[in-house]
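1. pasting the sequence and the predicted coordinates here, then a few questions.
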Amino acid sequence: GDPPRQGSRPRAGGRDRLPFMTGTTSLGASNILLISLASILAGIGAAGWWVSAHQDETRRFFRALTQHPRALAFRRRRHVVLGFLLARLKTKGAAGLFLTAGLLALAASATAFGVVLQDVVAHEELATFDTPLLRAIAARRLGWLTLVMRWVWLLTNPAVVVLVVLVGGLILYRQRRHWQPLLILAAAAAGSALLSEGVRVIVARPRPPAAFMAVAAHGYGFPSARAAQSALYGALAYLAAAGLPAWQAKVRVWIGAAVLAFLVGASPVYLGTVWPTDSLAGWAVASGWLAVGFTTTRAVGSEARARA
């Protein structure tokens with residue numbers, strides 16, 4: 001179908017007014033939205049706290065996960081294509097664990113994306129919740145939270161993305177004296193953008209109606225380019241955590257990245273510029289692309305060290 005018309009911008013000051021709203025948004029309804037958002041962020045923080053305090057248990061969990069029958073079956077099916085990487089999965093310690101986890105993350109991301117895409121194309125299951133959820137969110141917006149989400153939304157603006165890549169890459173270059181971090185950041189940003197753009201053109205799913213929008217948006221929305229661009233901040237966390245010796249410090253960086261990735265993907269849904277399933281697909285694209293990048297980087301690094 002044709003791209004939907006451009007949404008209208010919010011009125012200055014106060015809450016957005018929508019055609020289906022009757023009167024002023026109730027404080028109780030708005031609190032439900034705030035509690036839901038806070039609960040998700042608290043859940044991410046609690047998970048991070050537990051992982052940071054249980055390093056051995058976390059490593060054992062992922063080692064057991066890689067030995068699960070389905071994981072072993074996945075490795076056998078991909079043995080020919082991924083032989084180079086699989087040879088390095090036999091490495092003991094963190095390197096082998098990381099590479100195995102990377103392949104499993106790639107498989108999980110591809111599966112998640114496929115499930116969301118199937119539901120969107122068939123207009124069933126997950127996709128049936130899009131309109132009710134977006135209508136509920138749009139009717140419960142708060143002025144200050146809308147302002148916060150607009151600032152978060154800008155973190156994936158193309159100009160900001162380029163700035164983050166250049167500044168982050170140059171800072172890491174000064175610390176490590178090589179250009180690999182800059183290349184990783186550029187690949188994360190460019191790769192996720194190209195993947196999401198390619199899928200948007202093929203699927204051609206219209207954005208939500210302009211009545212739902214708190215900011216202007218046009219073109220297609222599946223998958224969400226904003227959610228997919230969270231790959232950049234995941235790559236930045238990967239590089240920052242790699243330079244930290246303490247497990248707790250690494251986990252804190254990753255939890256910060258997880259919170260930011262959630263907000264970056266949730267902001268266009270809150271602002272009404274994409275459907276919830278668009279952001280789910282965008283997160284799947286981001287995690288899959290990061291899995292490819294991290295696994296490749298580790299594999300190449302292990303090969304280089306073995307030849308040194």
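-> Structure received.

2. count of neighbours near residue 158?
-> 11 (other CB atoms under 10 Å). Yep, even glycine has a C-beta here, placed from its N, CA and C like the rest.

3. distance of it relative to residue 198?
-> Noted for residue 158: a distance of 17 Å to residue 198, by CB to CB, to the nearest Å.

4. which residue ranges form the helices in this structure?
-> Per DSSP state H, the chain carries helices over the ranges 27-53, 55-66, 69-77, 83-88, 94-122, 130-138, 143-153, 158-176, 180-203, 225-228, 230-242, 247-270, 276-307.

5. which of these sits closest to residue 210?
-> helix 130-138 (11.2 Å; CB to CB).

6. residues contacting the closest residue to residue 290 other than its chain neighbours?
-> Among residues not flanking residue 290 along the chain, residue 234 sits closest, at 4.8 Å (CB to CB, 6 or more residues apart in numbering). By CB atoms under 8 Å, 6 or more residues apart in numbering, residue 234 lies in contact with 188, 257, 261, 286, 287, 290.

7. how about the contacts made by the second one?
-> Neighbouring residues of residue 257 by CB under 8 Å, 6+ apart: 233, 234, 236, 237.

8. ditto for the third one
-> By CB under 8 Å, 6+ apart, the residues touching residue 261 are 227, 230, 233, 234, 283, 286.

9. and what of the first one?
-> Applying CB under 8 Å, 6+ apart, we find residue 188 in contact with 231, 232, 234, 235, 289, 290, 293.

10. what's around the residue nearest to it when sequence neighbours are not counted, how many residues?
-> Nearest residue to residue 188, sequence neighbours excluded (CB to CB, 6+ apart): residue 235, at 3.7 Å. For residue 235, the number of neighbouring residues by other CB under 10 Å comes to 29.

11. my guess is residue 235 meets residue 186, correct?
-> No: Residue 235 lies out of contact with residue 186 (CB atoms under 8 Å); the separation is 9.3 Å.

12. ok, now how distant is residue 139 from residue 212?
-> As judged by CB to CB, residue 139 and residue 212 stand 10 Å apart.

13. what does residue 258 give?
-> For residue 258, the distance to residue 212 - CB to CB - is 27 Å.

14. which one of the two has more residues nearby?
-> residue 212 (25 against 19).

15. how about the contacts made by the nearest residue to that one once chain neighbours are set aside?
-> With sequence-adjacent residues excluded and distances taken as CB to CB, 6+ apart, residue 212 is closest to residue 272, at 3.7 Å. Applying CB under 8 Å, 6+ apart, we find residue 272 in contact with 7, 134, 137, 138, 208, 212, 213, 214, 215.

16. measure how buried the residue nearest to the third one when sequence neighbours are not counted is and give me the count.
-> For residue 137, ignoring the flanking residues on the chain, the nearest one in space by CB to CB, 6+ apart is residue 270 at 5.9 Å. When counting by other CB under 10 Å, one arrives at 24 neighbours for residue 270.
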